[in-house]
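K.L.:
the following block contains a protein sequence and its predicted model.
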Amino acid sequence: MFEQEIQSLQASGLYRRLREVETAQGPRIILNGREMISMASNNYLGLANHPKLRQAACYAVNQYGTGSGASRLLSGTSVLHTRLEEEIAGFLGEEAALIFNSGYAANTGIISVLCGREDLILSDVLNHASIADGCRLSRADVRIHKHLDYDMLEKRLKASDKKRYKRRWIVTESLFSMEGDLAPLSELADLAERYGAHIYLDEAHAIGILGDKGRGSASLFGVEDRITLRMGTLSKALGSFGAFAAGDRDIIDLLINRSRPLIYSTALPPSVTAASRAALELVQTAEGDQLRERLFSNIRRLAQGLKCIGFEGISGQTPILPVVLGPVRKAIEAAQALYEGGIFAPAIRPPTVPRGQSRIRLSVMAQHTPEDLDAVVSVLGQFVRGSLAAGPNL
């Protein structure tokens, strides 16, 4: 029935398949029976296999069982959910927090409640797909601006003064998941205040690694009290699963009553919630500080190595280092070269990134060794030299 569509994906180099990892998530994994350096995980601090998270999860299973049994508004809310939400709110200095089952569920379930037909959403063109889908579901007037182009954003804010919007929302990631760059939140907060707009901030990739004790980009830029609502995930640097909203109590209460992904989904299981609590505690300790220090030392090493082989656009500010190669074919070839060299870093292709910007997205962990990172640079360097010798430039 769908053979032609599959064939079209294959012909354009956009066909994907699932790869089975045979070990716990770490700097090295077993893939197809072979040990590989993993550069494809968001497990930035290596907490997904940390003993404290595993112990917390096992205790929760023994104490509370394996499933939550129902949605949050039925019998699915346990003491573990409530405590985690209180701890997230305290961690971020907010009145309240609310857990969602994933970052995708959070963005679609929050934006579609906070924004409606009478509202305006101003969204960065490179915002995550879950943000784009949340904007569509809201039925608000959605205007897209170029990536981090705040002159364009301000023009649209000025133009919106002529219309009687109920609310105006600036929606953005703080650390962009495919670019690895940071939104300048101080500038964004100034714009929002100048034009009476609200900011919805997706901190999915920033929580745990940026700011004071890993409190995110809002902490890094000192704008926590200028953000209307923050979303974050528990599944990346925190090594567990799920997501959250954090902000004023009345917003959280509204989400409890209207957010469909929350209302109609079975609550996260006890093991996951307990692991998240353990991770949140750990990132605020001296061990958390040490892990972040190791992570950023690794980031600097890899960024410098990539610059040495010709990738000048690598900033090295965050654990996400995009090696942009352009054509789909070139990214696939680079991923294959890395795979043959013992490194797992899949090609990132449209629609995940814009056409003509296919890439290898290198994701750094605190547990990578200098030798791991040097191996990545060595294999990519050989690929670059081979591509140049073959003809077209990267």
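P.N.:
Great, that's in hand.

K.L.:
the nearest residue to Y64 once chain neighbours are set aside and L80: what is the separation?
P.N.:
The shortest distance from Y64 to any non-neighbouring residue, by CB to CB, 6 or more residues apart in numbering, is to P270 (3.8 Å). Glycine gets a C-beta too; all of them are placed from N, C-alpha and C. For P270, the distance to L80 equals 6 Å [CB to CB, to the nearest Å].

K.L.:
which residues do the two both contact?
P.N.:
Shared contacts of P270 and L80 (CB atoms under 8 Å, 6 or more residues apart in numbering): A60, Y64.

K.L.:
surely V223 is in contact with S186?
P.N.:
Yes. Here V223 reaches S186: they are 6.0 Å apart, a contact under CB atoms under 8 Å.

K.L.:
give me the more crowded residue out of the two.
P.N.:
Neighbour count, other CB atoms under 10 Å: between V223 and S186, V223 has more, with 20 against 13.

K.L.:
gap between the two ends of stretch 157-165?
P.N.:
The first residue of stretch 157-165 is 11 Å away from its last residue (CA to CA, to the nearest Å).

K.L.:
let the chain start at 49 from now.
P.N.:
Will do, 49 is the new start, and the previous item becomes stretch 205-213.

K.L.:
which stretches in the stretch 299-442 of the chain count as strands?
P.N.:
368-374, 391-392, 395-396, 406-411 (DSSP state E, counting those that start in this stretch).

K.L.:
with R349 as the reference, name the closest of those strands.
P.N.:
Evaluated with CB to CB, the strands of the stretch 299-442 of the chain place strand 368-374 nearest to R349, the distance being 10.9 Å.

K.L.:
for that closest one, name the packing helices and strands.
P.N.:
When contacts are defined as 3 or more CB pairs under 8 Å, 6 or more residues apart in numbering; DSSP states H and E, strand 368-374 sits against helix 334-356, helix 376-388, strand 406-411.

K.L.:
quick one: average pLDDT of that strand?
P.N.:
The average pLDDT within strand 368-374 is 95.

K.L.:
can you show me the CA trace of that strand as CSV?
P.N.:
This file holds the C-alpha atoms of strand 368-374, laid out as CSV (Å, rounded to 0.1, in the frame of the first residue of the first chain):
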residue,chain,number,x,y,z
ILE,A,368,25.8,19.7,20.9
LEU,A,369,28.4,20.2,18.1
PRO,A,370,26.9,20.2,14.6
VAL,A,371,29.2,19.2,11.7
VAL,A,372,27.2,20.7,8.8
LEU,A,373,28.0,19.0,5.5
GLY,A,374,25.2,20.2,3.3
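
K.L.:
just the helices in the stretch 199-348 of the chain please.
P.N.:
233-242, 265-268, 297-306, 308-311, 318-330, 334-356 (DSSP state H, counting those that start in this stretch).

K.L.:
in TSV, list these along with distance to L428 and mean pLDDT.
P.N.:
TSV is the format used below for those (distance: least, CB to CB, whole Å; pLDDT from 0 to 100):
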stretch	distance to L428	mean pLDDT
helix 233-242	32	97
helix 265-268	28	98
helix 297-306	43	98
helix 308-311	39	97
helix 318-330	32	98
helix 334-356	7	97
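
K.L.:
thinking again about what came up before, deepest of the helices and strands packed on strand 368-374, which one?
P.N.:
strand 406-411 (a mean of 24; mean count of other CB atoms under 10 Å).

K.L.:
what lines up beside it in the sheet?
P.N.:
Strand 406-411 pairs in its sheet with strand 368-374 (antiparallel), strand 395-396 (antiparallel), by DSSP bridges.

K.L.:
identify the residues contacting it?
P.N.:
With CB under 8 Å, 6+ apart, strand 406-411 has contacts from 87-90, 92, 226, 228, 350, 354, 367-376, 378-380, 382-383, 386, 393-398, 401, 424, 428.

K.L.:
for that strand, what is the average pLDDT?
P.N.:
Mean predicted lDDT for strand 406-411 stands at 96.

K.L.:
what's the angle between that strand and helix 334-356?
P.N.:
Strand 406-411 runs at 150 degrees relative to helix 334-356, counting by axes from the mean of the first three to the mean of the last three CA atoms, to 10 degrees.

K.L.:
CA atoms only for strand 406-411, dumped as CSV, please.
P.N.:
The C-alpha trace of strand 406-411 is given here as CSV (Å, rounded to 0.1, in the frame of the first residue of the first chain):
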residue,chain,number,x,y,z
SER,A,406,22.3,17.8,6.6
ARG,A,407,24.9,17.1,9.2
ILE,A,408,26.5,14.9,11.8
ARG,A,409,25.3,16.0,15.3
LEU,A,410,28.0,15.2,17.8
SER,A,411,26.7,15.0,21.3
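
K.L.:
many thanks, we can stop here.
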